[in-house]
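>>> Here is a sequence together with a model predicted from it:
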Amino acid sequence: MASHSFEYQRINSIEDLAQEEKNILKKTKELCKNAYAPYSNFLVGSIVRLNNGEMIKGVNIENASYPVGICAERAALSAAIANFPKEKINTIAISYLSQKGNVEPLFPCGMCRQFILECETRNEAPIKIILSAQEGEVIIINKASDLLPFGFKGTNL
């Protein structure tokens, strides 16, 4: 029987990160407050760091017509591609703020995993993913393809 596994890092707190990762994650946590989520009250912030050092922000934006909303990850990645079409994406940091006070890192939804995978393929280089809640541990995944090992790619068309 075949299986799939991958390695990732579990870090006890943001204070145990390298300075560059700590900076992007602190900004991402603060960014959650800019999200527009009047229906779920689940606020998500995402920052994409490009190889040139630029940091592009995105938040989730809900809509009364639910399919019209957008996740923070796709908002940030879309803005990065629109504003810096030739620049490679280095990292995406994702954090959330919930009324439930969750402290465990959450992973991107399936649609965002597919979107990040497509960006990684376009990038021709891995995209590091940093995940956290407002407090607690941090998860670092070295490449998006680990989150969606059987993702749909343009080569499938």
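Thanks, I have it. None of the values given here were measured: they were computed from a predicted structure.
>>> Could I get the contacting residues of the closest residue to residue 42 other than its chain neighbours?
Among residues not flanking residue 42 along the chain, residue 98 sits closest, at 5.4 Å (CB to CB, 6 or more residues apart in numbering). C-beta here means a position set from N, CA and C on the backbone, and glycine is covered the same way. Contacts for residue 98 (CB atoms under 8 Å, 6 or more residues apart in numbering) come out as 41-43, 133.
>>> What subset of those residues is buried?
When the contacts of residue 98 are checked for burial by 16 or more other CB atoms under 10 Å, the buried set is 42-43, 133.
>>> for the residue minimising distance to the centre of the chain, what are its contacts?
Central residue of the chain (CA atoms, centre = their mean): residue 94, 4.1 Å from the mean position. By CB under 8 Å, 6+ apart, the contact set of residue 94 is 28, 44-46, 72-73, 106, 108, 129-132.
>>> repeat that for 6 Å
Listed by CB atoms under 6 Å, 6 or more residues apart in numbering, the contact set of residue 94 reads 46, 73, 131.
>>> Out of the contacts of residue 98, name the ones that lie in strands.
42-43 (DSSP state E).
>>> Tell me the one of the contacts of residue 98 nearest residue 77?
residue 43 (18.3 Å; CB to CB).
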